[in-house]
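> 3D, please:
(chains A and B)
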Amino acid sequence: MLPAFLFGRSRQLLNSLICGCLKQEFEHLVGGTSVALSAYDPAMPVVSIRGPLRKLAGGRPEHQLEGATVVELLRALEHQHPEVSGWILDERGLIRRHINVFVNGERGGEETAVRSEDRVEVLPAITGG
Amino acid sequence: MTELVVGTKKGLFMLEGDPGSGFEITTRAFAGEPVDYATRDPRTGRVLATVTSPFYGPKIFYTDDPAGEWEQADGVALPEDGDQALERIWVIACGEAEGPVYAGGDPGVLFQSTNGGASWEINAGLWDQPSRKDWQPGGGGLCLHSIATWPGDPDKLAVAISAAGMWLTEDGGRSWRRGNTGLVPRYLPEDALKDENAGRCVHHVERAPRRPERMFMQFHGGVYRSDDSGSSWTAIGDGLPSDFGFPLALDPADPDSAYVIPLVADTDRVTPQGRVRVYETRDGGSSWSPRGDGLPAENAYLTVLRQAFNRVGEGPALELYFGATSGELFGSGDAGATWSTIASRLPPVFSVVAVR
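Numbers count the residues shown, from 1 in each chain, chains lettered A, B, ... in the order given. Next up is the predicted model:
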C-alpha cells in the first residue's frame, strides 16, 4: 500500500521530481503497486481493490475514477470493467453486506462524499469465528 | 465409470469411480468458496456450478473443462433498482431435449438459459406473481429448490419454493398456478390453512419420468405423492420412522418407487436413533422398507441436505449417492440394497449429482 503522503498534491510534486530509473526504483520501494505514479491524476480519487476484484478489474489494484460519492465511483469502476458488475454493488445499487468501504480510513457507505484527493478502499469484511 | 459432482462448503469436488471399486477425487474447483450446487448437463457435457461467496454474492460459473478455466455466467441477478437482491442459487436443472437449462434461487426466483448456461433470464411470469409480496420464506430463505421438467415437453414445468409451495406451468412459464391441494402444514394453526400464502414448506420434489403426472414430495413434516402432475397431493408417510427430511430420489424405471432419508424432526435434524438409513417404497408409498446395509448403524447423527441425494441409472443397476454435512459420501450400486462409504473427510456436503 502506498503511504498516505503520496496522495494528492504531495504525490504530484514528488512525481515531478522523480525521473527514469529512479522513479521505477521508488515505486518498488513504496510497495509494489502496479499503477505507475505518473498515471495518477491528482484531481481524481483513487479506488483500491484486492482479491478476486483485482483480477476482474484488469489486474490492477488501484483505479482513478470520476465520481462525487462512493456509489458513483463504484459505478464508474463497473463501467470501465463490466466484469466487476454484481461483485461489490448488488442489483439495488447497495454495497454487499460483507463488503466494507473505507474513505481515507473512515468507514463509508454508498452516499459518502468523495473528494478528488481521497482514497477509497474496498475490502471484504472479516467474517467467521 | 460414474462421475460425482459434489458441491461443498469449501469448494467443488468431482470424483470418478464405481460403487464396487471405489472413487477418487479428480478435480477440485472454487477452493474455499461455498458451492451450493453443481451439475454436468448430459446434453452438452458442460459443468455448471453455483457459488455464493459471502462477500461477493451468488454467481453461476460454467466450463467445458472443470480442471481448466471457468466463465462467469451473465444475467444471474434480479431486476436492477428493485428492492430485493438475489441471495443464493439453490439448484440448476438441465432441461429436456433442446429445452432450456433452469436455475432456481432465493427469493423464489426462476432463471432460464437457452445457451447452455452462459447467460440467463429471469422467468417474468413467476417473478411477477401478484401474491409474491405475501410469500413467506422458510428457514433457509425463500428458496426455489426443486425444478421438475416434463419429459418431451419443455412447456410443462413444476417448481417448488420454500415456503411458497408448488407452482405449475403448462405454457413454458408464461403463466403459473399453485399446486398445494392436500398438503397439510402441521406447523400452522388450522385456521391459517385457508390462507394459501401461509407457509407451504416443500423440501424437495421429483417427477417420475416414465409416468410424468406422478410426483413425489418430501415436505416439512410429511411425504406426499401426486398423480395429477402436482395439482394435488396424498400423504404417504405412514411406515417411516419420521416423515421429516429433506432429499428425495426415485428410480426412473419404476414410477411407484421413491427413496427418502428421514431425520428425527425439524427440531432435531439428524438421522433417527443414531442410524443412517435410506427408506424405499416400490408401491407408491403404501409401504416403506429400510435400506441400510453398509451405512453407519450406531452413533451416527448425520444431516443430509435437500440437494445432497442423487441417482444415476435405473432398475437393478440404479446407483444412489448421498452426502452429509459431516463430510461423508455414501453410495449404492444396487438400488439401495448395499452401501459403501465413498469419501469420509470432505467439507460439509451441500449437493451431489451423479453422471454416467
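
> what pairs with B:Ser119 across the strands?
The bridge-partner assignment for B:Ser119, based on DSSP bridges, gives B:Asp74.

> same thing with B:Val205?
Judged by DSSP bridges, the bridge partners of B:Val205 are B:Met217.

> Which residues are in contact with it?
By CB atoms under 8 Å, 6 or more residues apart in numbering or on different chains, the residues touching B:Val205 are B:Ser146, B:Ala148, B:Ala158, B:Ala160, B:Met166, B:Met215, B:Phe216, B:Met217, B:Gln218, B:Gly230, B:Leu248. (Each C-beta comes from the backbone N, C-alpha and C, glycine too.)

> Count residues in the vicinity of B:Lys9, would you?
Around B:Lys9 there are 16 other residues, counting by other CB atoms under 10 Å in any protein chain shown.

> Can you name the residues that contact it?
For B:Lys9, the contacting residues are B:Pro34, B:Pro347, B:Pro348, B:Phe350, by CB under 8 Å, 6+ apart.

> for the spatially closest residue to B:Ser326 that is not a sequence neighbour, phi and psi?
When the adjacent residues along the chain are set aside, B:Ser326 lies closest to B:Leu302, with 5.5 Å between them (CB to CB, 6 or more residues apart in numbering or on different chains). Recorded main-chain torsions at B:Leu302 are phi -100, psi 150, according to degrees, to the nearest 10.

> on that earlier part again, filter the contacts of B:Val205 down to just the ones in helices.
Cross-referencing the contacts of B:Val205 with the helices (criterion: DSSP state H) gives no overlap at all.

> Mind putting those residues into TSV with pLDDT and neighbour count?
Conversion of the contacts of B:Val205 to TSV gives the following (pLDDT from 0 to 100; neighbours: other CB atoms under 10 Å in any protein chain shown):
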residue	pLDDT	neighbour count
B:Ser146	98	27
B:Ala148	98	24
B:Ala158	98	24
B:Ala160	98	31
B:Met166	98	28
B:Met215	98	29
B:Phe216	98	27
B:Met217	98	26
B:Gln218	98	28
B:Gly230	98	28
B:Leu248	98	21
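
> can you redo these as a markdown table with distance to B:Glu71?
Listed next are those as a markdown table, based on distance: CB to CB, whole Å:
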| residue | distance to B:Glu71 |
| --- | --- |
| B:Ser146 | 26 |
| B:Ala148 | 28 |
| B:Ala158 | 30 |
| B:Ala160 | 29 |
| B:Met166 | 33 |
| B:Met215 | 34 |
| B:Phe216 | 35 |
| B:Met217 | 35 |
| B:Gln218 | 34 |
| B:Gly230 | 34 |
| B:Leu248 | 32 |
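
> For the residue most central in space within chain B, give its distance to B:Gly179.
The structure's chain B has its C-alpha centroid closest to B:Gln307; by CA atoms, centre = their mean the separation is 3.9 Å. To B:Gly179, B:Gln307 is 21 Å away according to CB to CB, to the nearest Å.

> so what's B:Ala85 up against?
Contact criterion CB under 8 Å, 6+ apart gives A:Asp90, A:Glu91, A:Arg92, A:Leu94, B:Gly57, B:Leu78 as the residues in contact with B:Ala85.

> pLDDT score assigned to the nearest residue to B:Phe55 once chain neighbours are set aside?
Counting by CB to CB, 6+ apart, the nearest residue to B:Phe55 once its immediate chain neighbours are dropped is A:Pro124, at 4.2 Å. At A:Pro124 the predicted local distance difference test score is 86.

> just the one 3 residues further on next, same as before
The confidence metric pLDDT takes the value 61 at A:Thr127.

> can you give me the strands for chain A?
Under the criterion DSSP state E, chain A contains strands at A:46-48, A:62-64, A:99-103, A:106-108, A:119-124.

> Serialize those to CSV and add fields for mean neighbour count.
Shown next, in CSV, are the strands of chain A (neighbours: other CB atoms under 10 Å in any protein chain shown):
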stretch, mean neighbour count
strand A:46-48, 23
strand A:62-64, 21
strand A:99-103, 19
strand A:106-108, 13
strand A:119-124, 20
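
> Dump those strands to JSON lines, plus distance to B:Gly239.
Formatted as JSON lines, the entries for the strands of chain A read as follows, by distance: least, CB to CB, whole Å:
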{"stretch": "strand A:46-48", "distance to B:Gly239": "62"}
{"stretch": "strand A:62-64", "distance to B:Gly239": "63"}
{"stretch": "strand A:99-103", "distance to B:Gly239": "50"}
{"stretch": "strand A:106-108", "distance to B:Gly239": "57"}
{"stretch": "strand A:119-124", "distance to B:Gly239": "49"}
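
> Tell me which of those strands lies nearest to B:Ser175.
Smallest distance to B:Ser175 across those (CB to CB): 38.4 Å, for strand A:99-103.

> does any part of the closest one sit near chain B?
Yes: in this structure, strand A:99-103 sits against chain B according to CB under 8 Å from any CB of the partner chain; the contacting residues are A:Ile99.

> Run through the bridge partners of the residue nearest to the centre of chain B.
Under the criterion used here (DSSP bridges), B:Gln307 is bridged to B:Ser351.

> wait, it sits on B:Ile92?
No: in this structure, B:Gln307 is not within contact of B:Ile92 by CB atoms under 8 Å, at 9.9 Å.

> For the residue of the stretch 101-250 of chain B found nearest chain A, which residues are in contact?
Proximity to chain A, evaluated over the stretch 101-250 of chain B using CB to the nearest CB, is greatest for B:Ile122 at 10.6 Å. The contact partners of B:Ile122, taken as CB under 8 Å, 6+ apart, are B:Gly75, B:Leu78, B:Pro79, B:Val109, B:Leu110, B:Phe111.

> repeat for B:Leu240
When contacts are counted by CB under 8 Å, 6+ apart, B:Leu240 touches B:Val223, B:Val260, B:Pro262, B:Tyr279, B:Trp288.

> Which helix or strand contains it?
When elements are assigned from DSSP states H and E, B:Leu240 belongs to no helix and no strand.

> Give me the below-cutoff pLDDT ranges for the stretch 1-150 of chain B.
Filtered on pLDDT under 70, the stretch 1-150 of chain B yields no residues whatsoever.

> where exactly do the helices run in it?
Taking DSSP state H, counting those that start in this stretch to define them, one finds helices in the stretch 1-150 of chain B at B:124-127.

> ok, A:Val71 to A:Trp87 distance?
In this structure, A:Val71 and A:Trp87 are 14 Å apart, going by CB to CB.

> and these two? which has more neighbours close in?
When A:Val71 and A:Trp87 are compared for neighbours, A:Trp87 comes out ahead with 26 against 21, by other CB under 10 Å.

> Not counting residues beside it along the chain, what's closest to the more buried one?
Taking CB to CB, 6+ apart, and ignoring the residues beside it in sequence, A:Trp87 has B:Tyr56 as its nearest neighbour in space, at 4.5 Å.

> same check, this time on A:Arg119
In space, not counting the residues next to it along the chain, A:Arg119 is nearest to A:Val46; the distance is 5.1 Å by CB to CB, 6+ apart.

> And for B:Gly105?
Residue nearest to B:Gly105 in three dimensions, not counting chain neighbours: B:Ile89, with 4.2 Å by CB to CB, 6+ apart.
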